[in-house]
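1. Kindly return the folded structure for what I paste below:
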Amino acid sequence: MDSFAPVKSGEKEADGYREIFNEMLDYLMLIDGQTGEILEVNNIWESTTGFKKSEITGKHFSTVFCDEQIENAEELEKIMTHDSVVSSRLLRRKTGDPVPVEMSLTMVSFRGKNAILTVLRSIKERLEAEDKIMEMNKRLGELNSTKDKFFSIIAHDLKNQFNVLISFSELLLKDMNSLEEKQRFYFLSQIENVSRSTYGLLSNLLNWARSQTGKLSVCKDVVLLNDLATLVVGELAGQLIGKNLKVDFSGNALVVVYTDEEMIKTVIRNLLSNAIKFSPAGSQIEIEIREEKNHAVFRISDQGIGMDEEIQKELFKPGIRSRHGTANEAGTGIGLTLCYEFITKLNGRIWCKSAPGKGTSMFFTVELPQ
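-> Okay, the predicted model is just below:
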């Protein structure tokens, strides 16, 4: 091929231009300025698009593009009045698959006639990076919205919780000597319940904040899942007594798992708190732990108000306001979101089975030791 530059040169110089032209990593194409015929392409076309030079040269330039608008002479017309034109196009592989490119057109002299040097640079990676940035920005917007919603809900709930604590404490202090023992016990039990509930709320908020900022590390070890469940039941004994609820460990065998002890305790605590919250007074909560193949399955079932399908679909999504319990207990909805994030981090799965008025069963899986 002759040099495409508008200069006359010797054989060595022409060979040098030819070598540079062929070895360029951008798609290079020389087009006849009058007919639109492809005069020359460089080597990269065959290795990346599947088109051999012989299949491209002599054809109209539109044959190598996917987008139909390239068939007209709009770029050619622009070049007549501008030094160069840059636009985005879709290059076509031989298989028909598109390759997004940025196209630059420049008028040159080739073999004594006007020609167009077309430089096409793949922008696939750039577009993929832009898509990732857009997705990250969308996710960041959702997280900020969720954070604002959580803080608004939690601030409201904390204020209510402390108001209850202050009210009961004031009544207890004011009428300490005149209150009967049964009344004092009631006030103290309410203070304990509200204190534990507030502590759980703050713990969930702290854990959720740590998980969102990537500061929550997973520390796995071999633990007895039954012991963790028993420990959490003991922690929530006050709430169970307050609603006269019984917890039944339904014939569980001892199951050893490989997991993060504190994260699993947080999950069990949230699930049991929810079961207590939505259970009618005097009913029963059942906990079952069993092995299945390479994991353990933890189930906690209540005889409470249950959920319809719409509520179940939104159950683990952040920012969903929790319903009030059977004793008008409030909630933020952060607990189940945290359960989902923790179980996911621990390579497990969490789901539920429920129906209105039929109670709810919550399940999650935990890895077994290898």
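
2. Low-confidence bits of the stretch 251-370 of the chain, can you list those?
-> Where the stretch 251-370 of the chain drops to pLDDT under 70, the residues are 251-252, 318-321, 330-333.

3. most centrally placed residue in the chain?
-> Centroid check for the chain by C-alpha atoms, centre = their mean gives Arg139 as the closest residue, at 7.4 Å.

4. Name every strand pairing with the top strand by length along the chain and say which way it goes.
-> As assigned by DSSP state E, the longest strand anywhere in the chain is strand 98-110. Strand 98-110 sits in its sheet next to strand 84-92 (antiparallel), strand 113-122 (antiparallel), going by DSSP bridges.

5. still on that earlier bit, what score does the residue nearest to the centre of the chain have for pLDDT?
-> pLDDT for Arg139: 79.

6. Determine the three-state secondary structure at it.
-> Put simply, Arg139 is helix when judged by DSSP: H, G, I helix; E, B strand; the rest coil.

7. any idea how far it is from Glu286?
-> Distance of Arg139 to Glu286, given as C-beta to C-beta, to the nearest Å: 38 Å. Placement of C-beta: from N, CA and C, glycine included.

8. same deal with Met134?
-> In terms of C-beta to C-beta, Met134 sits 47 Å off from Glu286.

9. Compare the two and say which is more crowded by neighbours.
-> Set Met134 next to Glu286 and count neighbours by other C-beta atoms under 10 Å: Glu286 wins out with 17 against 10.

10. I'd say the more buried one and Phe298 touch.
-> No: when contacts are counted by C-beta atoms under 8 Å, Glu286 is not listed as touching Phe298 (11.7 Å).

11. before we move on, back to that, mind saving the C-alpha coords of the longest strand of the chain as PDB?
-> Output in PDB follows, covering the C-alpha atoms of strand 98-110 (Å, rounded to 0.1, in the frame of the first residue of the first chain):
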ATOM      1  CA  PRO A  98     -21.700  -5.000  17.900                       C
ATOM      2  CA  VAL A  99     -18.500  -3.300  19.100                       C
ATOM      3  CA  PRO A 100     -19.000   0.200  20.500                       C
ATOM      4  CA  VAL A 101     -16.400   2.600  19.100                       C
ATOM      5  CA  GLU A 102     -15.400   6.200  19.000                       C
ATOM      6  CA  MET A 103     -14.900   7.200  15.400                       C
ATOM      7  CA  SER A 104     -12.600  10.000  14.200                       C
ATOM      8  CA  LEU A 105     -12.600  11.000  10.600                       C
ATOM      9  CA  THR A 106      -9.800  13.100   8.900                       C
ATOM     10  CA  MET A 107      -9.300  14.100   5.200                       C
ATOM     11  CA  VAL A 108      -6.000  12.800   3.800                       C
ATOM     12  CA  SER A 109      -4.400  12.300   0.400                       C
ATOM     13  CA  PHE A 110      -4.000   8.700  -0.800                       C
END
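
12. Centre of the chain to it, how far?
-> Its chain's C-alpha centre and that of strand 98-110 lie 39 Å apart, by C-alpha atoms, centre = their mean, to the nearest Å.

13. Over to stretch 307-323?
-> That offset, for stretch 307-323, works out to 18 Å (C-alpha atoms, centre = their mean).

14. from here on, count from 36
-> In the new count, where the first residue is 36, that last one comes out as stretch 342-358.

15. Apart from its neighbours in sequence, what residue is nearest Asp61?
-> Using C-beta to C-beta, 6 or more residues apart in numbering and skipping residues adjacent in sequence, the residue nearest Asp61 is Arg156, 4.8 Å away.

16. Looking at the strands paired with strand 133-145, which is nearest to Leu63?
-> Closest to Leu63 of those, according to C-beta to C-beta: strand 148-157, at 6.0 Å.

17. Go through the closest one and flag the buried ones.
-> By neighbour count with 16 or more other C-beta atoms under 10 Å, strand 148-157 contains the buried residues Ala150, Ile151, Leu152, Thr153, Val154, Leu155, Ser157.

18. can you check stretch 330-347 too?
-> 330-342, 347.

19. just stretch 62-70 next, same as before
-> Tyr62, Leu63, Met64, Leu65, Ile66, Asp67, Gly68.
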